[in-house]
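>>> Pasting the sequence and the predicted model now:
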Amino acid sequence: MSVAEREFNHMFGKDPYSIPLEGYDVSQPELFMSGTELPYFERLRKEAPVHYCNDSENGPYWSVTRYKDIMEVESNPAVFSSEPGITLADPEPDFDISMFIAMDEPKHGDQRKTVQDIVAPTSLANLEPIIRERIEGILDTLPLNETFDWVDKVSIELTGQMLATLFDFPFEQRRKLTYWSDVATTIPGPDALIQSIEERQNILLTECLPAFTELWNQRVNEPPKGDLISMLAHGKETRDMGPMEFMGNLMLLIIGGNDTTRNSLSGGVLFLNQNPDQYDKLRAHPELIPKMIPEIIRYQTPLTHMRRTATEDYTLNGQNIKKGDKVAMWFLSGNRDPEAIENPDDFIIDRERPRQHLSFGFGIHRCMGNRLAEMQLRVTWEEILKRFEKVEVVGDPVRNYSPFVRGYAELPVQLRPIAK
């Protein structure tokens with residue numbers, strides 16, 4: 001048993017303030033699955049805002065937990081590199097897929113520009129009626145006053161439909177997209193979606209890559225269109241990608257289009273049930289939806305952190321980070337920093353500055369799909385309020401076993417219709 005495993009057994013279920021800071025490893029997935037992670041970050045912000053963990057499953061790393069320190073790291077990509085990867089786990093040696101979010105300039109910017117028109121204002125305006133029609137179709141088929149899983153019937157279904165639209169992927173096979181996203185991000189284990197890293201690699205190489213390669217071969221021989229595959233196939237900086245780089249960028253776009261919307265759709269339902277005064281406020285003032293959406297995204301923080309690697313020695317908030325060190329920017333913690341956000345532990349749907357959060361990152365790597373995610377959530381809640389008095393949570397959520405994707409595997413609900 002490693003030091004990290006011994007210390008985690010000591011951490012789990014205990015008072016975070018009773019444990020020596022040198023024993024802290026906040027990357028343990030059990031903390032997030034149990035929903036007990038936030039007090040650990042609270043203590044780090046107070047006592048060790050730039051904290052060194054000398055042993056974890058993925059080796060030593062620094063945790064950056066205050067808003068202003070995270071902004072300093074994000075604002076300095078020359079010192080804090082996105083290569084070789086954005087998670088604490090290093091790339092798998094024999095499965096090194098490249099994606100532009102894990103690249104530095106200039107290649108990062110060149111590849112990002114190739115696909116960013118998919119979320120340009122004109123494109124979003126064209127997508128909105130399609131999104132609304134899809135949401136209406138989903139909501140109108142849900143059972144009333146019966147328990148069902150909101151994650152499966154709404155959150156996954158909507159994101160699957162949206163991804164199929166963005167990729168112009170066969171619509172009847174849309175569930176493959178969210179499945180491949182889950183395969184790529186799941187921690188392997190006996191009770192997990194995949195049992196091993198080898199199984200992950202096999203699924204992505206024998207199922208995902210061939211399906212998209214077929215679509216690539218179709219699109220490259222057609223005039224350019226507005227879907228992501230066509231953009232990649234015809235883009236100057238991406239048309240000559242090798243298979244693993246194509247795979248990496250596919251995974252980035254699928255995961256990016258899946259996790260924020262999917263887990264914020266579920267999180268919003270949960271937070272409104274946990275804060276009935278805010279649900280009452282929303283019903284009385286549906287015009288607050290545009291402010292509520294970024295508050296949901298802040299409160300959920302669908303991706304808990306991003307990793308950077310120091311390219312040189314650097315002093316951050318008094319701590320000496322060495323060249324080659326891993327640095328985890330914990331967006332989840334920065335979004336709960338009282339020095340940056342007033343009453344950060346409260347869910348408030350009419351905040352004055354609701355977009356002051358880190359869930360989309362900052363700087364050159366800020367999520368390019370942030371406005372698309374917000375639009376999907378806004379339209380969904382507009383349609384929910386037209387139909388239902390309440391989406392009532394009737395059981396405990398099942399949270400993801402992951403320190404990276406902060407979300408939900410299940411959320412049992414019942415729909416209460418508006419009284420006629």
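Perfect, thanks for sending it.

>>> Can you report phi and psi for K14?
Phi and psi for K14, reported as degrees, to the nearest 10, are phi -110, psi 170.

>>> and it, how many neighbours does it have?
11 (other C-beta atoms under 10 Å). For the C-beta atoms, the positions are set from N, CA and C on the backbone; glycine is no exception.

>>> how much space between it and N258?
To N258, K14 is 34 Å away according to C-beta to C-beta, to the nearest Å.

>>> Run through the neighbouring helices and strands of the helix or strand harbouring V413.
Element membership for V413, per DSSP states H and E: strand 412-417. Here strand 412-417 touches strand 148-149, strand 388-393, going by 3 or more C-beta pairs under 8 Å, 6 or more residues apart in numbering; DSSP states H and E.

>>> Report the buried residues of that strand.
412-415 (16 or more other C-beta atoms under 10 Å).

>>> Looking at those, which one is closest to R366?
Of all the buried residues of strand 412-417, R366 sits closest to V413, with 32.2 Å by C-beta to C-beta.

>>> OK, contacts around the closest one?
147-150, 269, 391-394 (C-beta atoms under 8 Å, 6 or more residues apart in numbering).

>>> And the pLDDT for the residue lying closest to I341 once chain neighbours are set aside?
Among residues not flanking I341 along the chain, Q356 sits closest, at 6.3 Å (C-beta to C-beta, 6 or more residues apart in numbering). If you check Q356, the pLDDT there is 94.

>>> Hmm, Q356 is touching E342, no?
No - using C-beta atoms under 8 Å, Q356 is not in contact with E342; the gap is 9.5 Å.

>>> now for the helices and strands packed on strand 412-417, which one comes closest to D168?
Using C-beta to C-beta, the helices and strands packed on strand 412-417 put strand 148-149 closest to D168, at 28.3 Å.

>>> on that earlier part again, can I get the contacts of V413 in JSON lines including distance to I131, pLDDT and neighbour count?
Output for the contacts of V413, formatted as JSON lines (distance: C-beta to C-beta, whole Å; pLDDT from 0 to 100; neighbours: other C-beta atoms under 10 Å):
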{"residue": "T147", "distance to I131": "27", "pLDDT": "98", "neighbour count": "12"}
{"residue": "F148", "distance to I131": "22", "pLDDT": "98", "neighbour count": "16"}
{"residue": "D149", "distance to I131": "22", "pLDDT": "98", "neighbour count": "18"}
{"residue": "W150", "distance to I131": "18", "pLDDT": "98", "neighbour count": "23"}
{"residue": "V269", "distance to I131": "18", "pLDDT": "98", "neighbour count": "26"}
{"residue": "V391", "distance to I131": "19", "pLDDT": "98", "neighbour count": "24"}
{"residue": "E392", "distance to I131": "25", "pLDDT": "98", "neighbour count": "17"}
{"residue": "V393", "distance to I131": "24", "pLDDT": "98", "neighbour count": "19"}
{"residue": "V394", "distance to I131": "27", "pLDDT": "98", "neighbour count": "11"}
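
>>> Please convert those to TSV, extending it with distance to T301.
As requested, the contacts of V413 are exported to TSV (distance: C-beta to C-beta, whole Å):
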residue	distance to T301
T147	28
F148	26
D149	22
W150	19
V269	16
V391	21
E392	24
V393	19
V394	25
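
>>> Looking at those residues, spot the one nearest Y314.
The nearest one, if we look at the contacts of V413 relative to Y314 and count by C-beta to C-beta, is V269, at 41.3 Å.

>>> Might one say that Q201 is in contact with E92?
Yes - counting by C-beta under 8 Å, Q201 touches E92, with 7.1 Å between them.

>>> State whether Q376 is indeed within a strand.
No - counting by DSSP: H, G, I helix; E, B strand; the rest coil, Q376 is not part of a strand but helix.

>>> Closest one of the buried residues of strand 412-417 to I130?
For the buried residues of strand 412-417, the nearest to I130 is L415 (23.8 Å; C-beta to C-beta).

>>> Surely the closest one is in contact with T147?
No - the criterion here is C-beta under 8 Å, and L415 misses it with T147 at 9.8 Å.

>>> Determine the next helix or strand in the C-terminal direction from the lowest-mean-pLDDT helix or strand in the chain.
Lowest mean confidence among the helices and strands of the chain (mean pLDDT, DSSP states H and E): helix 3-11, at a mean of 49. Remark: after helix 3-11, the chain's next helix or strand is helix 29-33, criterion DSSP H and E.
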